[in-house]
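Engineer: Give me the fold of what follows.
(one chain, ligands or ions: 2)
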Amino acid sequence: MSESKILVDVRNLKKHFSKGKDIWGRDTEVNKAVDGVSFQIRQGETFGLVGESGSGKSTVGRCLLRLYDYTDGEVLFDGQPLSKLDEKQLKPFRRRIQSIFQDPYSSLNPSLNVLELIGEPMKIHGIHQGEERKEAVAALLERVGLKREHLYRFPHEFSGGQRQRISIARALSVRPEFVVCDEPISALDVSVQAQVVNMLEDLQSEFGLTYLFIAHDLSMVRHISDRIGVMYSGHLVEVAESDELYEHPGHPYTKALLSSILEPDPHAISERIVLKNEGAGDRFNADGCQFRSRCRYATEQCAIEAPELREVSPNHYIACHFAESILSESDK
Ligand code: ADP
Ligand code: MG
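Structural biologist: Numbering: from 1, shown residues only. Ligands and ions are numbered 1, 2, ... in the order given. This next block holds a predicted model:
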């Protein structure tokens, strides 16, 4: 893994949304949805991005897809700075970078049949013609566990899991290199979630894909991700290899997220960490740590000084002043 090239390089990415303007058109309030996020994804790797709803995960994904202009920072794809490219220059990247979203029903046009839905990106990017395109779509359909006879059916005729399979086939129809998977299983029945994750993993090795895999909790991401980044209020608060993150969480927020998915084990006296001020996070503080009002470790230092993401142990990055002591606590 470490020898493969860096495909996606996110450098101090910021995306702020205006929440209101004064009569001169100046922003009166901004929502710092993403406020200085940096990470890299190597070719063939799956980078998991987790965090509660509203933490900025989808905004990061949309920036990588260049669906948004950035407020600041840069995203390099295969060395090319995406913000510098105009729509014409972006076209090849719009093929190389594809997406799968949470709700396939709203992302699939209900008036198109499966052949049209999966064939459409091929048409846009000039891949295959006529009968050849139809054969390619049928082959893809079979590859994602559907059948050739589904070619002329419409989205409403399928289950949620099948619709997600159609979305996956559509994303893969143009032979992308990188796929932003934004909560692709969150809307599916638990029984179907593992099937879709396994299929994404098989497709990854078959097509040499690189994934950004977004999820709002930590229950399914460990399995699919090589590394995981934890987001809180527009910031990355922890980045580590999956097993390391689960076994040695070093940020109080990661610990809280993990404790919420612990299986009840009658033999272990495991402590379920309840976050203070649930849902009332004081987002968009000017100074200090964004998490401090909900953190049981917080001291005065946290109100004054925002902790930087720093390498606390090899390849394990944590943005907390107390990361070392929290890590040694989790080793006990
Ligand atoms: P997540 O995917 O982690 O749930 P999002 O990236 O969707 O979080 O949202 C992060 C923050 O940005 C939220 O406060 C959300 O309301 C805001 N936001 C997201 N998209 C927009 C938009 N298009 N316009 C204005 N605010 C937005
Ligand atoms: Mg989202």
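Engineer: and the residue lying closest to His128 once chain neighbours are set aside, what element?
Structural biologist: Among residues not flanking His128 along the chain, Ala136 sits closest, at 5.1 Å (CB to CB, 6 or more residues apart in numbering). C-beta: built from backbone N, CA, C; applies to glycine. Using DSSP states H and E, Ala136 sits in helix 130-143.
Engineer: Show the model's pLDDT score for the residue nearest to His128.
Structural biologist: Note on Ala136: pLDDT of 97.
Engineer: Quick one: residues contacting it.
Structural biologist: Neighbouring residues of Ala136 by CB atoms under 8 Å, 6 or more residues apart in numbering: 122, 127-128, 173.
Engineer: same thing but at 10 Å, please
Structural biologist: 118-119, 122, 127-128, 173 (CB atoms under 10 Å, 6 or more residues apart in numbering).
Engineer: Was I right to think His251 contacts Gln290?
Structural biologist: No. Look at His251 against Gln290 with CB atoms under 10 Å: they stay out of range, at 11.5 Å.
Engineer: Neighbour count: these two, which is higher?
Structural biologist: Remark: of His251 and Gln290, His251 carries more neighbours, 30 against 25, as counted by other CB atoms under 10 Å.
Engineer: Identify the residue spatially nearest to the more buried one, adjacent ones excluded.
Structural biologist: Glu238 (4.2 Å).
Engineer: try Tyr152
Structural biologist: Asn113 (5.1 Å).
Engineer: Surely the one you found is in contact with His156?
Structural biologist: No. Asn113 lies out of contact with His156 (CB under 10 Å); the separation is 11.1 Å.
Engineer: what about those two, which has more around it?
Structural biologist: Legend: neighbour count by other CB under 10 Å for Asn113 and His156, higher for Asn113 (16 against 9).
Engineer: got the contact list for that one?
Structural biologist: If you count contacts by CB under 10 Å, 6+ apart, Asn113 has them with 119, 150-155, 157.
Engineer: quick revisit: the residue nearest to His128 and Gly119, how far apart?
Structural biologist: Going from Ala136 to Gly119 by CB to CB, to the nearest Å gives 8 Å.
Engineer: hey, what's in contact with both of these two?
Structural biologist: Between them, Ala136 and Gly119 share these contacting residues under CB under 10 Å, 6+ apart: 127-128, 173.
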